[in-house]
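Q: Need coordinates for the following:
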Amino acid sequence: MDFDSEIIVRLSWCGTPIIMTPVKIRYPKGNLSNFRLLQDNWLITKMHTRLMFTMLSQFPTILRNRHRRSSSKHWASLSEIGAGWGLYVLAVIYRLSGTRLLTFALLPVVAYSYLVHRERRHASRDFLQRLASHSGVCRTVPRFSVFRHFMSFSNMAADKLAAWNGGIGVENLIIPAECELDETAEAGHGALVIVSHLGNVEVSRALSKYRHNIRVTALSHTKNAVKFNRLLAAHNKSVAIDVVQVSDLGMEIAADLKDRVDDGGWIVVAGDRTPVTDSGRVAIVDFLGAPATFPLGPYILARLLKCPVYYMFCMKEADGFRIIFHKLADSVAFSHGNRNTVLERHLRDYVCVLEKTCARYPLQWYNFFDFWRAGS
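A: Down below sits the predicted model:
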């Protein structure tokens, strides 16, 4: 009874990556426990005592190994920057003073995050370095680029609040494919829209209520997006959207989404985050010159929904927000024999657009983790 806990703790101290996998446990009727009340409690007590004193004596080594362990975590195991109570503080400051004071108030928050979150600094520098090498612009990342990357993230959070509270209007949008976007929205047909953690898609979601009153359902792998949506709804219920948390897409959820699409709704799903559960619905493709893991779930879902597939990015520019909106496919159809070929073709088309958009807006990439290892 003491061995299982001790070996996990010691492996963690060594920096060994830990993968959480859910399992089902069944206890047969009439089963008797094998736990020995006195002997096993004594062994567990000795184990905890031994580990406590060992940790104190090896604390510097354990701390050094922490970064090596965190650098290979799945993205979902990392806490989101700005989640929790911090979002409520930002909302209150925005309502009292607008974006100017909010931007100033975010400076110490960004500085703290920059100093404390070493793995996020490394992830930012790694991304910027890969992008620079892939684009052939420069060989090294300019000084202070990582801090500017952090500041860009904080400004994005402020823009989210502004959009949902009416501080950003339709007149602030730059839409090159405006006719295509309007025709798609006004036709009343449902669609699957693939977005990413590049840019600020919240702005386009919020403004959809003012422009076309589209019913938007966003799929999220974690509870953070659900919490953020509740915060936004508390400040402006008229623009709240449905956020559905899905650890894995089952038939019941798929049927509900199909009803929403048939009713003219848009299903929004991120195309740059792998599933929380190890469902095998992923593929490895080249991204910025190196293999990276991307989800196949959005394209499998598109086949189930039998609807057109679009990609959308909302990128901040000096004079407003540019909406990049284009059809990826009229539909996704495959048979058992060509399933992987079809799915990976659509995925590569999406990743190609993602690369080009990253190159144009390098500081608006908000995946602050080791993107090339986190899904592997």
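
Q: Could I get the contacting residues of the closest residue to residue 50 other than its chain neighbours?
A: The shortest distance from residue 50 to any non-neighbouring residue, by CB to CB, 6 or more residues apart in numbering, is to residue 6 (8.0 Å). Every C-beta, even on glycine, is put in place using the N, C-alpha and C of the backbone. For residue 6, the contact set (CB atoms under 8 Å, 6 or more residues apart in numbering) comprises 47, 50, 51.

Q: all helices of the stretch 101-250 of the chain, in order?
A: 118-135, 145-164, 178-186, 201-211, 223-235 (DSSP state H, counting those that start in this stretch).

Q: Just the CA trace of the shortest one, in CSV.
A: The C-alpha coordinates for helix 178-186 follow below in CSV (Å, rounded to 0.1, in the frame of the first residue of the first chain):
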residue,chain,number,x,y,z
GLU,A,178,-17.3,40.5,-46.1
CYS,A,179,-19.7,39.2,-48.8
GLU,A,180,-18.8,35.6,-48.1
LEU,A,181,-19.3,36.1,-44.4
ASP,A,182,-22.6,37.9,-44.8
GLU,A,183,-24.0,35.4,-47.3
THR,A,184,-23.0,32.5,-45.0
ALA,A,185,-24.7,34.1,-42.0
GLU,A,186,-27.8,35.3,-43.8
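
Q: could we number from 15 for the rest of this?
A: From this message on, residue numbering opens at 15, which makes the last subject helix 192-200.

Q: How far does that helix sit from its chain's centre?
A: 27 Å (CA atoms, centre = their mean, to the nearest Å).

Q: would residue 324 count as being in a strand?
A: Yes: assessed with DSSP: H, G, I helix; E, B strand; the rest coil, residue 324 lies in a strand.

Q: That one is in contact with residue 338, isn't it?
A: No: applying CB atoms under 8 Å as the test, residue 324 and residue 338 come out as separate, 10.3 Å apart.

Q: re the thing from before, of the contacts of residue 20, just the buried ones, ChimeraX syntax please.
A: Selection of buried members from the contacts of residue 20 for ChimeraX, criterion 16 or more other CB atoms under 10 Å:
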select :61,65
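
Q: could you dump the contacts of residue 20 to CSV with pLDDT, secondary structure and distance to residue 266?
A: Formatted as CSV, the contacts of residue 20 follow (pLDDT from 0 to 100; DSSP: H, G, I helix; E, B strand; the rest coil; distance: CB to CB, whole Å):
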residue, pLDDT, secondary structure, distance to residue 266
61, 91, helix, 43
64, 90, helix, 47
65, 90, helix, 43
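
Q: For stretch 57-76, give me every contacting residue.
A: 15, 16, 19, 20, 23, 27.

Q: do stretch 366-382 as well
A: 89, 92, 95, 131, 134, 137-138, 141-142, 145, 148-149, 159, 162-163, 166-167, 170, 210-214, 285-287, 301-302, 325, 327, 329-330, 338, 340.

Q: Any regions of this protein where pLDDT drops low?
A: 33-34, 80-105, 112-113, 151-153, 219-227, 235-264, 290-294, 388-390 (pLDDT under 70).

Q: what are the ranges of the strands in it?
A: Taking DSSP state E as the test, the strands found in the chain are 187-188, 205-209, 230-234, 256-259, 280-284, 296-301, 304-309, 323-331, 334-343.

Q: Figure out which of those is closest to residue 383.
A: When the strands of the chain are compared by CB to CB, strand 304-309 sits nearest residue 383, at 11.8 Å.

Q: In the closest one, which residues are buried?
A: For strand 304-309, using 16+ other CB under 10 Å, the buried residues are 306, 307, 308, 309.

Q: does residue 230 really touch residue 280, like I thought?
A: Yes: here residue 230 reaches residue 280: they are 5.1 Å apart, a contact under CB under 8 Å.
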